[in-house]
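Asker: Mind folding the following:
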Amino acid sequence: MYGSIQAPFTLAVDTTAVAGGVVNTAYTAQLHASGGQQAYAWDVSVGALPSGLSLNASTGAITGTPTLAETQAFTVRVTDALESADTQALSITIAAAAAGGADPTAGNRLRHAVRA
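Answerer: Numbering: from 1, shown residues only. Predicted structure coming up:
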């Protein structure tokens, strides 16, 4: 009897949410997919990522340094080697940086150091 050929599992984007970020603070999120036939290719099929962020088409990593406080809704698409595809709607909220810089205690530490 001949061996059977099994179809690969259906390609699916497994990521259903990504974390928010802060203006002028490095951001990284990793998209995940399963099934299909690797290698995967990622893209934003609808909408756009927040300003300053980009999607690595080979790895599914969203990286960069956001430049604006905003919320962006977008759809990511993963395509496999057999040209099957799946999409997932996501959003990223970028918050404004805290007044006085990213570390609100830095000024207090400096004042204490000067007094000492």
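
Asker: When you work out contacts or count neighbours from here on, use the C-alpha atoms and nothing else.
Answerer: Noted.

Asker: And the strands in the chain?
Answerer: 12-13, 21-22, 27-30, 33-34, 41-47, 53-55, 61-64, 70-79, 85-95 (DSSP state E).

Asker: Could you export the ones you listed as CSV, including mean pLDDT and mean neighbour count?
Answerer: Supplementary listing: these in CSV, determined by pLDDT from 0 to 100; neighbours: other C-alpha atoms under 10 Å:
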stretch, mean pLDDT, mean neighbour count
strand 12-13, 98, 20
strand 21-22, 98, 22
strand 27-30, 98, 16
strand 33-34, 98, 18
strand 41-47, 98, 17
strand 53-55, 98, 19
strand 61-64, 98, 17
strand 70-79, 98, 19
strand 85-95, 98, 18
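
Asker: Look at the nearest residue to residue 65 once chain neighbours are set aside and say how many residues are nearby.
Answerer: Distances taken as C-alpha to C-alpha, 6 or more residues apart in numbering put residue 26 closest to residue 65, at 4.6 Å, once the chain neighbours are dropped. By other C-alpha atoms under 10 Å, 13 other residues sit near residue 26.

Asker: The nearest residue to residue 77 once chain neighbours are set aside: what's it in contact with?
Answerer: Nearest in space to residue 77, with sequence neighbours left out and distances taken as C-alpha to C-alpha, 6+ apart, is residue 87 at 4.3 Å. Taking C-alpha atoms under 8 Å, 6 or more residues apart in numbering, we find residue 87 in contact with 12-13, 75-78.
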